[in-house]
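In: Take this sequence and fold it.
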Amino acid sequence: MPLYRSTSRRRILLIAGVDEAGRGPLAGPVVAAAVVLNPRWPLEGLRDSKQLTAALRNDLAEQIRAQAVAFAVGQASVSEIDRLNILRASLLAMRRAIEALHPQPDLVLVDGTHLPLIAIAARAIVGGDASEPSISAASILAKTHRDKLMVRLHEKHPQYGFDRHFGYPTPQHLRQLRRLGPCPVHRRSFAPVRELLSLKLDC
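Out: Numbering: from 1, shown residues only. Next up is the predicted model:
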């Protein structure tokens, strides 16, 4: 359970699950979420967001926001991704999400093998988004939040189809990228964008 009683002080310990969305896309920010679930309101159907339909993700995201003890979202911008690299930017987004939680957790469980730099005890869990409900919840919040951000970016840059592929390197996205060149929200440090810019400079 994400909340349990300590045998020493008989107080509730808060455990937050953390996950990110958007490491692979060629455009847009990377987003992380941190969630402390309420054991009195168990949520059915929590699993890795990638295993859920968009409709089910959105439904679960509403339930998580309504029933969680605490939740927060953090992000790292395209410029931060290009400056830091995607791993460090992802950890920065996680740190921002964790620091925005109120109340602050006693322990943080992070999906994967890397931990953000935080002043709270933390543990990395490979496959945690499929095995730990609080991490699954964070995965869902991060994914749904980022999808909404990409839909808003689509309104500014409709020619790329961000509302369909959310910045991932689909054939359609790559075709439009080659035809139009990158826009301000494309990640210059990612190979397809970087190589395209290099070709233009060589012309």
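
In: If we ignore the residues flanking it in sequence, what's nearest residue 28?
Out: Leaving aside its chain neighbours, residue 28 sits nearest to residue 167 (4.4 Å; criterion: CB to CB, 6 or more residues apart in numbering). Where C-beta positions appear, they are placed from N, C-alpha and C, glycine not excepted.

In: Do I have it right that that neighbour meets residue 174?
Out: No - counting by CB atoms under 8 Å, residue 167 does not reach residue 174; the two are 11.6 Å apart.

In: So between the two, which is more surrounded?
Out: Shown here are residue 167 and residue 174; by other CB atoms under 10 Å, residue 167 has more neighbours (27 against 15).

In: Just the pLDDT at the more buried one, thanks.
Out: Listed pLDDT for residue 167 reads 98.

In: Let me see the ranges of the strands in the protein.
Out: Secondary structure of the chain (DSSP state E): strands at 3-5, 12-21, 30-36, 70-76, 107-111, 121-125.

In: Report the backbone C-alpha coordinates of the third one in PDB.
Out: What it means is strand 30-36. Extracted in PDB, the C-alpha atoms of strand 30-36 (Å, rounded to 0.1, in the frame of the first residue of the first chain):
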ATOM      1  CA  VAL A  30       9.200  16.100 -20.700                       C
ATOM      2  CA  VAL A  31       6.700  15.800 -17.900                       C
ATOM      3  CA  ALA A  32       6.800  14.000 -14.600                       C
ATOM      4  CA  ALA A  33       4.100  13.300 -12.000                       C
ATOM      5  CA  ALA A  34       4.300  12.400  -8.300                       C
ATOM      6  CA  VAL A  35       1.300  10.800  -6.600                       C
ATOM      7  CA  VAL A  36       0.600   9.700  -3.000                       C
END
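
In: Walk me through which strands it pairs with, and which way each runs.
Out: Using DSSP bridges, strand 30-36 pairs in its sheet with strand 12-21 (antiparallel), strand 70-76 (antiparallel).
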